[in-house]
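[1] Dropping a prediction and its sequence here:
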Amino acid sequence: MPRIPLGDWVNSTVDWLLDHVAWLFDFLKTVFTGTYDGINAVLQAPEPLLLAGIFAVIAFWLRGTFAGVLTFLGFAFIVSMELWENAMVTLALVLVATIIALVVAVPVGIWAARSDRVSGIVRPVLDFMQTLPAMIYLIPAILFFGTGASAGIVATLIFALAPGVRMTELGIRQVDKELVEAAEAFGTTPRNTLLRVQLPLALPTVMAGVNQVIMLGLSMAAIAGMVGTGGLGGDVNEAIGQLNVGLGSESGVAIVILAIYLDRMTSALGTQVSPLGRRAAAKARSLGGLKIWSYRPRPQVAVIGVVILGLVAGGMGVFGGSDDSESVASGSKVGEGKKVTLGYVPWDEGVASTFLWKEILEQRGYEVEAKQFDAGPLYTSLAQGDIDIVTNSWLPTTHEQYWKKYGDRLDDLGSWYDETSLELTVPAYMEDINSLADLKGKADQFGGKITGIESSAGEMGMLKDTVAKEYGLDQEYKVVDSSTPAMLAELKRAISKKEPIVVTLWSPHWAYNDYDLKKLKDPKGAWGQGDGVHLLSRKGFAGDDPTAAQWMKDFKFSEKQLTSLEAEINKSGKGKQQEAVRTWLKSNPGVVDKLAPVEGGSGDTPAEAKRPVDVAFFPWDEDIAVSYLWKNVLERRGYKLNLKQMDVGPAYTGLASGDLDVNFDAWLPYGQKNYWDKHKNNLTDLGTWYERTSLDIAVPSYVKDVKSIADLKGKGDLFDGKIIGIEPGTGQMQLLKNQVVPGYGLEDEYEVVDGSSPAMLAELKRALAKKEPVAVTLWTPHWAYSEYELTKLKDPKTAFGESNTIRNISSKQFPEQYPQFTKWLKNFKMSEDELGSLEAEIKDRGQGHEEEAVAAWLEEHPDMVGRMTPQ
Amino acid sequence: MPVSLPPTQEVSVSARLEAENLYKVFGRKPAQAVDRLRQGADREELRADGTTAAVIDASFTVEPGEIFVVMGLSGSGKSTLLRMLNGLSEPTDGHVRFGGEDLTEISERQLRDVRSRKISMVFQHFALFPHRSVRDNAAYGLEVQGVPRAERERRADEALALCGLAGWEKSWPDELSGGMQQRVGLARALATDAELLLMDESFSALDPLIRRDMQDQLIELQKKLKKTIVFITHDLNEAMRLGDRIAVMRDGRIVQIGTAQDILIRPANDYVASFTQDVDRSRVLTARAVMETEVRGDEADCACETARPDTPFTELCAISARVPHAVAVVDGDDDRLVGVVPSRRLVGFLGDETAEPGTCDSPRDKGGKVMARA
């Protein structure tokens, strides 16, 4: 059987269409978005409750008092769930799709009703449109129409068109042939036969079609959320992505309320507009007599009600609207209202980074829109230029296929987070399965299944092609394609029943937080190196907006920052991501300036710069590096720095006496503890700029009598003989197993349990919730310390080794003398890479060439100046 | 019933309708099929090829003011024939001429104009527009003609009154009984002042009693209006009651055209004869059909009651019962004798027996005498 390359044909057709008929799609897009924007603007403008009132009056008119009251309650419920805005987006989407669907469907239906040939052609096309899985045309819809409303409208349209056409055709065809013949026998023209006889009589059926169009449109709205249409569909999408059944049901119920309302209103409207329906209704009414619940106002009264409410709404919209236009003129608004669209896959780190950048860019005067996508549509849109930035691209592995396909149309602004990994994961209760190799021969236990995610995901490809083969699992196990939410649901189900399950997962992932899971070790390294989370932009973004591009290129996030931000976002709940980011930014001051430094003009010199700064420095690599770095950077800002090399003791004395102003290299709390303790009353600590993680064992603070690692001895029973570890093989775990446990003589009592950071955190959280004793491996800094009340066990034997932070210390009065510099210093951070490369540069140039070396290094790190001294 | 018709009604002279060699073939290559039919192929042969000959070589003329009934069983092609007369169905071959116009030659637009002004139609299942009131239904044809609202409502109301529906103008079709609905259908057809009325089994869907009423009313109306009417039915009784002339159709062909009595007395073939068996002869026959025309000349010279040629059969029976001898039939102003009706002949017609009485071996009269003598 020869391979029929249907797929290739489709691809080339799509390409051809893109090349040659773009004008048509642009035109359609303009029509769609124009209509959508108009309707959306109308729906979003008024006070929610006022608009709910308008809807209620319409229901009152069409169906009576009871319906009116219910309508108001239903919409008020949506308002109270804080889903109003999204509900209106969805409503606008559905209305536009319905209008366009009817504009297309009714004429086609009429044509099909009058010609059997047309009907014969139209029918299979409709079948095709209705049954083709939505995902298949969602992606091309993005190619042709870009993301957002128009792609969603097109997808909805394709899906919802069929009942419109079918019902119109059916309605006209089922009009009594004798009636049509009667019309013709009296010499009626075909056009009048249609308008005076067929359409009026087909109207109830056509309206049933309209009703179906709306219903299908609404059900499609949820799916259209995947292409960044937003609205309730976006909420549903996000909710299932997070396995958040609660949020999902809220959005779901909102959709249902909309659906029921639209359904009842369109069917009532069907009765109103069709003469037969009006007659039937009048008959029914005359039988029923006067009842308050079914009382309906005359149309005039209803119209007057709607108009009054509408005017009030419009008026409030006008007056309310002016509040927004206040804007603080500020030098930091370098965005000048430029529009930036951020796209993200609704993974936690994506949400966090996207809303972080949204907030930052908005603070910088950009107009930012954040849109949620599936991976495929996301890359398509980025390549199309519909969105500007994607903050969570997992490269080189997970999103490899997309990068291959679209890489030449994208710019990689570099990785901002590197601690990711892909893995197979089992629940922690699968005690004898610890590594991928352990899976071999246990297929029966797992039903021969590895529960996977979307078959298009890079991870799935790797699993099937490499990992399973490497460990000889491909014969025994079947990798089941599914979806991330389905995998998570499966996992949740299995865990609740304590059933064996093995799933594909990745880190970071909240599942590690929520469930007690175990990442399977990969001794053969089949999964390869972990991905970095990259920030991608559309091609040419850097050219259009070099400032923002530079900020993003320089974007780096530590695990601590990321996890604390994610925790904050999770805590705030959905729909408040940006508020969470603001809260987080408040507790992490300076991040905005650090991530989005604004270059000031050279003449912009703070007053404090007039007084030279005396800097004491120690002849140690890092201090030389950082001191010369500050010298270079501050001199660009008009400061003058005198660098004075001295020993530690004199430096502290000089700072304490006020002879010297600042030192950047205080190793605290251990290295220079004695000096610090002696002079600390006359010194100011300006924070750390470089920190080495200190490694700890921590217990909840309600475990009263355990304050140091030594206290663990003899309490093995209390802790069930377990110290909850993290990923086996990490330096910390090695230290723990080889140094700490033997060092304190705990090896007989305690077992160090291998796991993962998220699993450890989950275990910790669980224990905390139950107030059970638990001992976990942790490190400083870690958000867990701020989130929970934990006791960091002292390490009197320093079995984990010394750990210090490098801090800035200054004279007592320094912050008053140099407020700006103090601020900069407090926000100053340097990564290991940066520090290492700067030190290397200085060492290469040799002594006496420090200033040259710093200048050269700054050339390579152009963001550094802005980062260190944002204005 | 007050009748005030528009003046045009009174003076209009209905036109003659002519159908000439009409053929209607459904299916592929209809023209070829017509050729084969002309060469003598029959319906079954064509059916084998997948073409259906609905009407084959139908020719007839309907005189102005005449009710022409086309009668046949279902599938005989009578409805198709009717629809060719106003162009709803285009003849495959042949011509329809009405009022000097060949309807098969004119454009669609002209045809529509003819339909809206000169020909109207009444349907089997009434075909009233359910979304229009009774008045708007009756006014439909006028609305198509473009008559202004006030005038068309007035004329519609007149037509409704003519059909006995005064006072129902504002009702809706679904509120009326079947008979009343068909009166609306009739009013709709009459309102346009069309000269030709095509009635497609118009009374078939009604109850027998109401059907009688409607037939009577149609006959009454026709006396006033003198329309040219083509009436389709499958009921020979109805055909004979209404029709000035009747065309009997079978398998797409017209097998006989004639008056009711022609068909009853001289059926063209066994098929027509078998039809006439169930007919209530007493309602159809008149003295003209029953009388013996070989007369001596003195039969009417007595003072006994006489009949006229158009005296209905039942009345004739009544006269015969009162008269001791054969009833004389006289015609004309001068009461010229045209025939006699012996009572034996009346009995023979009732029993559909035309043979002369035979001889009896032992006639009852004689036997009686013998008995008496003995």
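    It's in.
[2] Closest approach to chain A from the stretch 1-150 of chain B, which residue is it?
    Proximity to chain A, evaluated over the stretch 1-150 of chain B using C-beta to the nearest C-beta, is greatest for residue B:116 at 2.9 Å. All C-beta atoms are positioned from the backbone trio N, CA, C, and that covers glycine.
[3] Quick check: chain neighbours aside, which residue is closest to the residue in the stretch 151-300 of chain B positioned nearest to chain A?
    The stretch 151-300 of chain B approaches chain A most closely through residue B:172 (6.5 Å), counting by C-beta to the nearest C-beta. Nearest non-adjacent residue to residue B:172, counting by C-beta to C-beta, 6 or more residues apart in numbering or on different chains: residue B:133, 5.8 Å away.
[4] And the pLDDT for residue A:348?
    In the predicted model, residue A:348 carries a pLDDT score of 75.
[5] do the one 3 residues further on as well
    Per-residue pLDDT puts residue A:351 at 83.
[6] And what about the nearest residue to residue A:188 once chain neighbours are set aside, helix, strand or coil?
    With sequence-adjacent residues excluded and distances taken as C-beta to C-beta, 6+ apart, residue A:188 is closest to residue B:144, at 5.3 Å. Classification of residue B:144 using DSSP: H, G, I helix; E, B strand; the rest coil returns helix.
[7] count of residues packed around the residue of the stretch 151-300 of chain B closest to chain A?
    19 (other C-beta atoms under 10 Å in any protein chain shown).
[8] For the residue nearest to residue A:458 when sequence neighbours are not counted, give me the backbone phi and psi.
    Leaving aside its sequence neighbours, residue A:458 sits nearest to residue A:398 (C-beta to C-beta, 6+ apart; 4.1 Å). With angles defined as degrees, to the nearest 10, residue A:398 sits at phi -60, psi -50.
[9] Count the residues that sit near residue A:398.
    23.
[10] I'd like to check which residues are in contact with it.
    Applying C-beta atoms under 8 Å, 6 or more residues apart in numbering or on different chains to residue A:398 gives the contacts A:422, A:457, A:458, A:459, A:506, A:531.
[11] now with 7 Å?
    A:422, A:457, A:458, A:459, A:531 (C-beta atoms under 7 Å, 6 or more residues apart in numbering or on different chains).
[12] State the pair within those residues that is farthest apart.
    Farthest-apart pair in the contacts of residue A:398 is A:457 and A:531; separation 12.0 Å (C-beta to C-beta).
[13] Can you read off the pLDDT for residue A:598?
    68.
[14] Over to residue B:139?
    The per-residue pLDDT of residue B:139 was computed as 90.
[15] Near it, how many other residues are there?
    28.
[16] mind checking how far it is from residue A:462?
    78 Å (C-beta to C-beta, to the nearest Å).
[17] Same check on residue A:390?
    For residue A:390, the distance to residue A:462 - C-beta to C-beta - is 21 Å.
[18] Counting neighbours, go ahead and name the busier of the two.
    residue A:390 (29 against 19).
[19] So that one belongs to a strand, correct?
    Yes - counting by three-state DSSP, residue A:390 is located in a strand.
[20] that older thread, touching, the residue of the stretch 151-300 of chain B closest to chain A and residue A:276? I think so.
    No - look at residue B:172 against residue A:276 with C-beta atoms under 7 Å: they stay out of range, at 9.6 Å.
[21] what's the neighbour count on the closest residue to chain B within the stretch 1-150 of chain A?
    Distances between the stretch 1-150 of chain A and chain B by C-beta to the nearest C-beta are smallest at residue A:116, namely 14.7 Å. The tally of other residues near residue A:116 (other C-beta under 10 Å) stands at 9.
[22] before we move on, what about residue A:13?
    Residues near residue A:13, counting by other C-beta under 10 Å: 11.
[23] got it, and residue B:195?
    For residue B:195, using other C-beta under 10 Å, the count is 23.
[24] Wait, it touches residue B:114, no?
    No - judged on C-beta under 7 Å, residue B:195 makes no contact with residue B:114 at a distance of 10.3 Å.
[25] got the contact list for the residue of the stretch 1-150 of chain B closest to chain A?
    A:186, A:187, B:141, B:144, B:145, B:192.
[26] could you redo the last one with a cut-off of 8 Å?
    Contacts of residue B:116 by C-beta under 8 Å, 6+ apart are A:186, A:187, A:188, B:141, B:144, B:145, B:192.
[27] Which of those residues ranks first by neighbour count?
    residue B:141 (31 neighbours).
[28] sorry, back to before: tell me the SS of the residue of the stretch 1-150 of chain B closest to chain A?
    Taking three-state DSSP, the label given to residue B:116 is helix.
[29] roughly how far apart are it and residue B:192?
    Taken as C-beta to C-beta, the span from residue B:116 to residue B:192 is 7 Å.
[30] quick one: common contacting residues for those two?
    If you check residue B:116 and residue B:192 against C-beta under 8 Å, 6+ apart, the residues they both contact are A:186, B:141, B:145.
[31] which ones are touching the last one?
    By C-beta under 8 Å, 6+ apart, the contact set of residue B:145 is A:187, B:116, B:117, B:192.
[32] Please repeat the previous calculation with a cut-off of 7 Å.
    B:116, B:117, B:192.
[33] With pLDDT as new columns, can these be given to me in TSV?
    Below are the contacts of residue B:145 laid out as TSV (pLDDT from 0 to 100):
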residue	pLDDT
B:116	87
B:117	87
B:192	87
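[34] Can you lay out those as JSON lines showing distance to residue A:211?
    Listed next are the contacts of residue B:145 as JSON lines, based on distance: C-beta to C-beta, whole Å:
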{"residue": "B:116", "distance to residue A:211": "37"}
{"residue": "B:117", "distance to residue A:211": "42"}
{"residue": "B:192", "distance to residue A:211": "39"}
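[35] Excluding covalently adjacent residues, which one is nearest to residue A:813?
    Nearest one to residue A:813, counting by C-beta to C-beta, 6+ apart, is residue A:658 at 6.4 Å.
[36] What of residue A:665?
    residue A:623 (3.6 Å).
[37] So which elements touch the helix or strand hosting that neighbour?
    Following DSSP states H and E, one finds residue A:623 within helix A:621-636. Contacts defined by 3 or more C-beta pairs under 7 Å, 6 or more residues apart in numbering or on different chains; DSSP states H and E place helix A:621-636 against strand A:613-617, strand A:641-645, strand A:662-668, helix A:832-845, helix A:850-860, helix A:863-868.
[38] Mean pLDDT for these - can I get that in TSV?
    Listed next are the helices and strands packed on helix A:621-636 as TSV, based on pLDDT from 0 to 100:
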stretch	mean pLDDT
strand A:613-617	84
strand A:641-645	78
strand A:662-668	80
helix A:832-845	76
helix A:850-860	84
helix A:863-868	80
